[in-house]
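>>> Below: sequence and its predicted model.
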Amino acid sequence: MRHPCRLLPPLLTGLLLIALGGCGTLDAVEPAEIRADEQPAICDHQWLLESLSIDGREHRSRLLWQKLWRDRPYLTCDKLGYVRGSAGTNPYLGRFALSGDGDISWSQIPVISRMSGARDSSELEQDYLEALPKTEHMEMQGDSLILESNSGETRLKFKRAEEPVR
């Protein structure tokens with residue numbers, strides 16, 4: 001039989017690991033707080049960027065992005081709160097929660113999901129990815145989706161896509 005003093009360190013280590021297990025930094029998977037009546041309207045569609053203002057400055061680098069569907073930023077979401085799409089040049093992924101009154105909190109700021117052959121970010125893509133996490137409120141108005149900061153300085157307006165964007 002082992003001496004009781006030799007059992008103490010492994011026993012204490014085990015108890016310490018159990019006690020600290022609740023203090024870990026693993027993110028729990030929680031569904032987004034999207035109201036049942038808004039979720040299908042928001043997350044069952046793709047939303048094409050129509051206009052973008054960031055910190056009070058309207059993005060006007062080239063109006064061509066509004067005509068070329070391939071390079072047009074778009075947003076989609078799912079029931080788990082993941083936001084994805086194209087930022088204009090490269091795909092992105094983030095995570096948000098939406099409260100019943102339309103308030104947004106970003107648990108994972110949208111970032112580029114670089115793939116092989118990814119292109120350099122355009123000015124539009126940089127502004128788009130900088131603007132998204134600055135938004136704090138989401139509202140649907142007809143076939144438009146508006147995301148904006150509480151100050152109104154940052155605002156993204158999307159139109160519902162009739163056909164899926166590829």
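It's in. Residues are numbered from 1 along each chain as shown.

>>> name the helices or strands packed onto the host helix or strand of Gln126?
Assessed by DSSP states H and E, Gln126 sits inside helix 123-131. On a contact count with 3 or more C-beta pairs under 8 Å, 6 or more residues apart in numbering; DSSP states H and E, helix 123-131 meets strand 47-54, strand 104-112. Yep, even glycine has a C-beta here, placed from its N, CA and C like the rest.

>>> Kindly export it (C-alpha atoms) in PDB.
Extracted in PDB, the C-alpha atoms of helix 123-131 (Å, rounded to 0.1, in the frame of the first residue of the first chain):
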ATOM      1  CA  GLU A 123     -10.500  49.800 -49.500                       C
ATOM      2  CA  LEU A 124     -14.200  48.800 -49.600                       C
ATOM      3  CA  GLU A 125     -13.400  45.500 -47.900                       C
ATOM      4  CA  GLN A 126     -11.400  47.200 -45.200                       C
ATOM      5  CA  ASP A 127     -14.100  49.700 -44.500                       C
ATOM      6  CA  TYR A 128     -16.800  47.100 -44.600                       C
ATOM      7  CA  LEU A 129     -15.000  44.800 -42.100                       C
ATOM      8  CA  GLU A 130     -14.200  47.800 -39.900                       C
ATOM      9  CA  ALA A 131     -17.800  49.000 -39.900                       C
END
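
>>> if you average pLDDT over that helix, what comes out?
Across helix 123-131, the average pLDDT comes to 90.

>>> Residues contacting the following helix or strand past it, please?
Using DSSP H and E, the helix or strand that follows helix 123-131 in sequence is strand 137-141. Contact with strand 137-141 is made by 38, 41-42, 98, 102-104, 145-150, as judged by C-beta atoms under 8 Å, 6 or more residues apart in numbering.
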